[in-house]
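Undergrad: Whatever this is, show me its structure:
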Amino acid sequence: RGFVEKTMAVDLASLAGSARVPTAQDRVSRDECVVSFHTTESDGGIFVSLTSFLGFDRQHVEVYHRNTGHRLFLNIQTFKTKIEEKVEEGAEPPAKRPTVMGIGVEGGFDVNKARYEYTHLHTLVVLPEFEQYPLPDPELPQQIQDSIAGVLHAESVAVKQTVDSWTEQRLPSAYAASLVQIDNGVKIPPSGWKCINCDITDNLWLNLSDGTILCGRRNFDGTGGNGHAAEYFKATNFPIVVKLGTITPEGADVFSYPEDDMVTDPLLSEHLAHFGINMQAMTKTALSMAEMQVALNMQARFEWDRLQEAGKPLVELTGPGLTGLVNLGNTCYMNSVLQTFFALPEVAQQYGGLFAQLAPRVPEGVDSLDFQLARLASGLLSGDYSHAGDEATKAIAPRSFKALIGKNHPEFSTNRQQDALEFFQYFLVQLDRARSAVPSPSSLFSFDLENRRECSASHQVEYRTHTERALLLPVPVEHAANAAAVAAYEARTRENEEAAKLAGTKPVEEEPVFPQLTLAQCLQARFADQVVENWLSPATNTRVDALVRDRFQTFPKYLVLGLAKFYLAADWSPKKRAVKVDIPLELDLSSLRGAGPQPGETPLPAAAAAAAALGNAVSESIATLPGAGPAVPSSSLLLVRPAVKSKSNSGCVTSLSRVPLSATANPFSVKTRSSGLMSLKRISSGISIASSISVSAKPVAWTMLSNRDRSRCSATSWIISSVRRRWAAISDSKSLCRCWPRTFLGGCAGSSSLARRASMISSRSMEEEMGEM
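TA: Residues are numbered from 1 along each chain as shown. Okay, the predicted model is just below:
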């Protein structure tokens with residue numbers, strides 16, 4: 001293994017003082033080298049300093065020793081042996097179906113197809129001689145033995161930074177302790193249940209307030225119920241239900257409608273006894289929600305495997321530039337961005353060369369963005385971790401990068417699913433902010449858009465320029481090639497659902513029909529002329545229509561496109577479009593190049609234009625987005641206002657306010673009240689937002705919602721996030737105009753972070769313009 005034999009030539013007693021016992025605040029890197037991506041399974045294993053607890057491979061531990069003088073290291077090597085399944089000759093091995101909603105746990109989804117038995121070898125190594133002392137060794141000084149034990153029992157960085165094992169967590173309901181149960185004499189029989197509003201006899205839920213039995217909601221695949229239990233909650237506000245058939249002495253499936261989540265009820269036995277149910281005598285007769293989720297996930301995984309051509313003979317590609325990234329738990333959004341980022345020659349060259357400069361300086365700069373990107377470049381591009389063979393390494397785990405890039409971010413620091421485009425834009429902002437030894441690669445994606453506004457009354461024009469890094473394209477489903485077929489399918493679906501609801505049965509399943517579009521149609525919709533109604537003209541000082549148009553003033557080296565699949569329906573409910581968009585191999589944008597001011601055009605008054613721009617920013621931004629929902633009166637500014645209804649939804653944005661515009665000349669001022677709210681007053685001459693606007697100063701109200709409230713806001717509650725508390729940083733209307741050249745209604749349903757955050761996202765991020773408050 002490259003070690004010298006144990007000679008006892010080293011005086012360990014004199015070195016024992018440098019051995020520390022790790023505390024809860026220490027980071028112990030015992031699974032992976034902090035410089036390379038070598039692990040304990042790599043040749044030579046990992047050497048953990050008993051002084052700093054940083055881990056290194058064989059090559060970099062010598063560099064670290066020379067830089068720091070640390071001599072005592074714990075060498076950890078892991079050897080794995082494949083466990084062969086015993087299968088009768090000629091028979092296929094039995095497929096192990098998950099039984100619990102979890103990943104990497106007993107009974108859950110198995111993250112590894114093959115199973116292994118692991119053996120760990122621990123050795124004390126003294127540098128620079130690489131003298132080894134096999135462990136355990138009772139002759140070692142006690143301080144060294146304590147240090148080794150502390151390293152082996154401490155929670156490693158890898159465990160803290162990723163979720164290799166995940167199970168569904170249910171928290172006690174905030175409504176359980178104070179639940180009011182009506183004394184109506186209702187007693188529930190042990191079987192024979194049926195929804196009181198239809199004939200469904202499965203997926204039934206017992207309301208713990210009055211004992212009403214109703215069916216659950218319909219699943220995306222058409223299974224489930226008719227949603228009568230949810231409708232009953234809206235009519236009565238009775239909060240908690242329990243699924244019949246899942247009650248056992250150990251517990252049951254309990255759902256809280258106000259919290260919109262599966263919960264636990266600490267008083268479940270008492271609440272059930274109110275309706276004559278002896279929890280200790282009940283047995284399970286129906287699928288639990290976890291089992292139903294497992295079944296649906298198995299179906300979804302089958303669809304995913306089909307898309308990925310699972311089971312088909314594929315050609316294995318390995319070598320430099322062909323290294324994968326391990327999914328750390330819903331990090332496909334980050335991995336996709338990183339693989340695309342490092343596939344660019346400019347990025348590969350810049351950070352590949354930087355690694356050679358930074359690696360010898362360890363431990364200096366290990367937690368810098370420069371170092372983590374250089375480390376990723378080396379891991380992905382070198383080919384050191386991409387080898388042929390079933391048992392060979394083919395991917396690296398970007399744990400340290402994720403921990404650094406997501407630090408203090410309410411979404412990207414978690415293991416929840418996120419939006420790739422949102423992460424990409426956030427990533428570029430972090431590159432710009434970092435104190436880097438190399439230029440920010442964000443310039444590769446930057447381009448300028450020329451914005452032309454024409455007053456319909458005076459026909460005077462104004463040209464503005466703003467910088468973008470990604471282009472969000474609308475999805476004009478009304479122009480789909482198969483629009484008639486889509487409309488017919490949607491009509492049939494509505495009819496089937498209504499008929500099934502009346503009959504108390506499940507709707508007829510049908511192969512979905514998706515709108516078919518081309519990328520050219522999306523580009524055409526994005527760059528089409530838009531009419532902004534009630535626009536305050538600087539030329540006439542009256543409200544008229546304005547014609548607005550965008551064109552490319554410059555083109556980027558690499559153009560990043562996103563599809564705006566999320567929109568607001570006419571009832572302000574968030575929707576996601578399921579569409580098919582054909583992407584060409586070549587894209588000609590020459591027709592969208594801007595030409596600047598033309599001969600014969602009369603410019604709008606410059607001074608008045610700046611004053612009027614603020615009043616037009618909100619209405620223009622919303623009006624210019626196709627499919628954004630109902631028109632917003634130009635005399636209103638949309639704001640969200642936090643409304644605390646109970647402790648369970650404290651900080652949740654739940655109401656939408658329209659604040660009338662009025663004319664004052666007061667400067668923008670900020671006053672902090674004892675309640676934690678800020679009063680924002682008026683901008684500059686000629687136009688104002690309002691005499692007083694209250695915006696929560698607490699970040700939770702704007703940048704993140706609590707885990708409980710994350711998807712429980714009303715449909716109107718997530719419209720504005722650019723407003724947030726950063727309005728306080730704006731000192732004049734001109735700076736606001738720079739932040740609001742064009743905005744997009746974001747937000748979505750489902751797992752993307754855009755659904756969980758209030759989401760009117762400015763193309764030029766306010767963090768970039770003004771920084772964090």
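
Undergrad: for this structure, what's the longest helix?
TA: For the chain, the longest helix by residue count, based on DSSP state H, is helix 483-503.

Undergrad: Can you list the buried residues in that helix?
TA: By neighbour count with 16 or more other CB atoms under 10 Å, helix 483-503 contains the buried residues 486, 489, 493, 496-497, 500-501. Placement of C-beta: from N, CA and C, glycine included.

Undergrad: Please apply the same query to stretch 429-449.
TA: Buried, per 16+ other CB under 10 Å, within stretch 429-449: 430-431, 436, 440-442, 444-449.

Undergrad: Return the item of the residues you listed having minimum pLDDT.
TA: Lowest pLDDT among the buried residues of stretch 429-449: residue 436, with 85.

Undergrad: check contacts around that one.
TA: 369-370 (CB atoms under 8 Å, 6 or more residues apart in numbering).

Undergrad: Is it in a helix, a strand, or coil?
TA: Look at residue 436: counting by DSSP: H, G, I helix; E, B strand; the rest coil, its state is coil.

Undergrad: follow-up on the earlier one: want to throw the buried residues of helix 483-503 into a markdown table with pLDDT and distance to residue 405?
TA: Shown next, in a markdown table, are the buried residues of helix 483-503 (pLDDT from 0 to 100; distance: CB to CB, whole Å):
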| residue | pLDDT | distance to residue 405 |
| --- | --- | --- |
| 486 | 93 | 39 |
| 489 | 92 | 42 |
| 493 | 88 | 41 |
| 496 | 87 | 46 |
| 497 | 82 | 43 |
| 500 | 81 | 47 |
| 501 | 76 | 46 |
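
Undergrad: May I see those organised as TSV, with distance to residue 393 added?
TA: Converted to TSV, the buried residues of helix 483-503 look like this (distance: CB to CB, whole Å):
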residue	distance to residue 393
486	46
489	47
493	47
496	50
497	50
500	51
501	53
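
Undergrad: Where does pLDDT dip in the protein?
TA: For the chain, applying pLDDT under 70 flags the ranges 1-9, 85-114, 156-169, 219-223, 287, 290-313, 390-392, 571-574, 607-773.

Undergrad: For residue 207, list each beta-bridge partner.
TA: Judged by DSSP bridges, the bridge partners of residue 207 are residue 241.

Undergrad: what separates it from residue 171, distance-wise?
TA: 21 Å (CB to CB, to the nearest Å).

Undergrad: Neighbour count for these two, which is higher?
TA: residue 207 (23 against 13; other CB atoms under 10 Å).

Undergrad: pretty sure that one is touching residue 232, no?
TA: Yes. The criterion here is CB atoms under 8 Å, and residue 207 meets it with residue 232 at 6.6 Å.

Undergrad: Between those two, which contacts overlap?
TA: With contacts defined as CB under 8 Å, 6+ apart, the residues shared by residue 207 and residue 232 are 214, 238.

Undergrad: The nearest residue to residue 605 once chain neighbours are set aside: neighbouring residues, count only.
TA: Leaving aside its chain neighbours, residue 605 sits nearest to residue 538 (5.0 Å; criterion: CB to CB, 6 or more residues apart in numbering). Using other CB under 10 Å, the number of residues around residue 538 comes to 23.

Undergrad: now swap in residue 578 and tell me
TA: For residue 578, the count of nearby residues is 11 (other CB under 10 Å).

Undergrad: Make CSV from the buried residues of stretch 429-449 and add secondary structure to it.
TA: What follows is these, written out as CSV (three-state DSSP):
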residue, secondary structure
430, helix
431, helix
436, coil
440, coil
441, helix
442, helix
444, helix
445, coil
446, coil
447, strand
448, strand
449, strand
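
Undergrad: can you list the residues you listed in a markdown table and add distance to residue 81?
TA: Putting the buried residues of stretch 429-449 into a markdown table (distance: CB to CB, whole Å) gives the following:
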| residue | distance to residue 81 |
| --- | --- |
| 430 | 42 |
| 431 | 43 |
| 436 | 44 |
| 440 | 47 |
| 441 | 43 |
| 442 | 47 |
| 444 | 46 |
| 445 | 47 |
| 446 | 52 |
| 447 | 54 |
| 448 | 59 |
| 449 | 59 |
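
Undergrad: Pull the most distant pair out of those residues.
TA: The distance between the two most remote of those (CB to CB) is 26.5 Å, for 436 and 449.

Undergrad: what about residue 437, distance to residue 349?
TA: Noted for residue 437: a distance of 14 Å to residue 349, by CB to CB.

Undergrad: just residue 14 next, same as before
TA: Taken as CB to CB, the span from residue 14 to residue 349 is 47 Å.

Undergrad: ditto for residue 511
TA: From residue 511 across to residue 349, the span is 48 Å (CB to CB).

Undergrad: Could you do residue 494 as well?
TA: Counting by CB to CB, the gap from residue 494 to residue 349 is 55 Å.

Undergrad: The residue nearest to residue 451 when sequence neighbours are not counted: which element?
TA: Leaving aside its sequence neighbours, residue 451 sits nearest to residue 464 (CB to CB, 6+ apart; 4.6 Å). Secondary structure assignment for residue 464, by DSSP states H and E: strand 461-468.

Undergrad: for that strand, packing partners?
TA: Taking 3 or more CB pairs under 8 Å, 6 or more residues apart in numbering; DSSP states H and E as contact, the helices and strands that strand 461-468 lies on are strand 447-455.

Undergrad: hmm, who's touching stretch 469-476?
TA: By CB under 8 Å, 6+ apart, stretch 469-476 touches 421, 424-425, 428, 442, 445-447, 515, 517, 519, 521-526, 556, 559-565, 577, 579, 581, 625-627, 744, 763.

Undergrad: Which among these count as buried?
TA: Buried among the contacts of stretch 469-476 by 16+ other CB under 10 Å: 421, 424-425, 428, 442, 445-447, 515, 517, 521-526, 556, 560, 562-565, 577, 579, 581, 625-627, 744, 763.

Undergrad: if you look at the residues you listed, which of them are in helices?
TA: 421, 424-425, 428, 521-526.

Undergrad: Dump the residues you listed into TSV; add distance to residue 412 as well.
TA: TSV is the format used below for these (distance: CB to CB, whole Å):
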residue	distance to residue 412
421	13
424	11
425	12
428	13
521	32
522	27
523	29
524	33
525	30
526	27
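
Undergrad: between residue 511 and residue 349, who's got more neighbours?
TA: residue 349 (12 against 5).

Undergrad: Assign the more buried one to helix, strand or coil.
TA: Three-state call for residue 349 (three-state DSSP): helix.

Undergrad: what about it, distance to residue 441?
TA: Counting by CB to CB, the gap from residue 349 to residue 441 is 11 Å.

Undergrad: One more: residue 21?
TA: Going from residue 21 to residue 441 by CB to CB gives 42 Å.

Undergrad: ok, residue 37 - how many residues close by?
TA: For residue 37, using other CB under 10 Å, the count is 25.

Undergrad: What of residue 342?
TA: 21.

Undergrad: And it, how far from residue 350?
TA: 10 Å.

Undergrad: same question, residue 435
TA: From residue 435 to residue 350 the distance is 16 Å (CB to CB).

Undergrad: go on, residue 210?
TA: Taking CB to CB as the measure, residue 210 and residue 350 are separated by 66 Å.

Undergrad: what do you get for residue 176?
TA: 56 Å.

Undergrad: Identify, from the buried residues of stretch 429-449, the entry nearest to residue 73.
TA: residue 436 (31.5 Å).

Undergrad: picking up where we left off before, now do the strand holding residue 464 against strand 447-455, angle only.
TA: 160 degrees (axes from the mean of the first three to the mean of the last three CA atoms, to 10 degrees).

Undergrad: Show me what counts as buried in strand 461-468.
TA: Neighbour counts over strand 461-468 (16+ other CB under 10 Å) mark 461-464, 466, 468 as buried.

Undergrad: Quick check: what element follows that strand along the chain?
TA: Per DSSP H and E, the first helix or strand lying C-terminal to strand 461-468 is strand 471-474.
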